[in-house]
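Visitor: Just to be clear, the model below is a prediction. Sequence and coordinates:
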Amino acid sequence: GYLSLAKELKKRGLVMQSFIRMATHELLTPIVNIRAYIEALDDEIGPSLNAEQKVYIQRVAISAKSLVSLSTDILEVARLERGALDTTPKLFQPQKIVQELVDSFQSKAKEDHLQLVYAMQDLGITIMVNPNRFREIIQNFLSNALKYTKKGKVELKEWVDPYKHIYHLSCEDTGIGISGEEQKKLFTQFYRIKNKDTVGVPGTGLGLWISRNLCLKMGGNITIESIRGVGTKFVISFPAQKIQEK
């Protein structure tokens, strides 16, 4: 009886996952179309709109962007849970990807009057993980750090533990910080910190759950240090290999 029940629950779970994937894919197409039409409308009649009408256009654009992010994250969660997300490892030096991401976020940092700091250095190591998933994790860290930092800076630092052969990358900000109680729930699905400092900050509450699971799946780890009102530091760690001299 228990075996039959387990099989039935598994079957229902697979059906539900299939439905979620199909429904999310179906939702994405009209949402992407809405974004495209809003952008075209803004280009065409934007200059003739009054201040209130411009606010309406901006709100629709922001809502559509949020829906795209939510749909994309849900699809990613579904792929992760059924083991369909590509995490094929590749040997590479992580610094180049980190530098590219920092460069891509510099305009956002300047727009918000924040410093985004990263001093790339030759660590003489490689890591064996999927570069696309690694990029996704760092992108998530940078996006969160900039969203929740009102003044000051976001700084990335790298170092290698020469004894344990572990590569570490930290992303530290001078943002709103996270309390000890909030940290307990931080890596759960759909969890978002709700207080006066986070009102109006967009997000799905899935990014950190995805990042942590990707890290663990690729043999790494994520740790967090944070003080409310002072700032937050995330650290990712992966096994490292010394580059063999030719």
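Guide: Here it is on my side, so go on. This is a predicted model, so every value here is computed, not measured.

Visitor: can you tell me how far the spatially most central residue of the chain sits from L101?
Guide: Centre of the chain computed as the mean C-alpha position; nearest residue by CA atoms, centre = their mean is N140, 2.4 Å away. Here the distance between N140 and L101 works out to 10 Å (CB to CB, to the nearest Å). All C-beta spots, glycine's among them, are computed from the backbone N, C-alpha and C.

Visitor: which regions of this structure lie under the pLDDT threshold?
Guide: By pLDDT under 70, the low-scoring segments of the chain are 1-25, 84, 197, 199-204, 244-246.

Visitor: and the closest residue in space to G231 that isn't next to it in sequence, what does it touch?
Guide: Of all residues not flanking G231 in the chain, T174 sits nearest, at 4.5 Å (CB to CB, 6 or more residues apart in numbering). Residues counted as contacts of T174 (CB atoms under 8 Å, 6 or more residues apart in numbering) are T149, K151, G152, K153, V154, V230, G231.

Visitor: What about those, which one has the most neighbours?
Guide: For the contacts of T174, neighbours were counted using other CB atoms under 10 Å, and V154 has the most, 27 neighbours in all.

Visitor: show me the contacts for the nearest residue to V230 once chain neighbours are set aside.
Guide: Leaving out its chain neighbours, the residue that sits closest to V230 by CB to CB, 6+ apart is G177, at 5.1 Å. The contact partners of G177, by CB under 8 Å, 6+ apart, come to S226, I227, R228, G229, V230, G231, T232.

Visitor: Relative to V60, which of those is nearest.
Guide: Each of these was scored against V60 by CB to CB, and T232 proved nearest at 31.7 Å.

Visitor: Having no further points to raise, I will conclude here.
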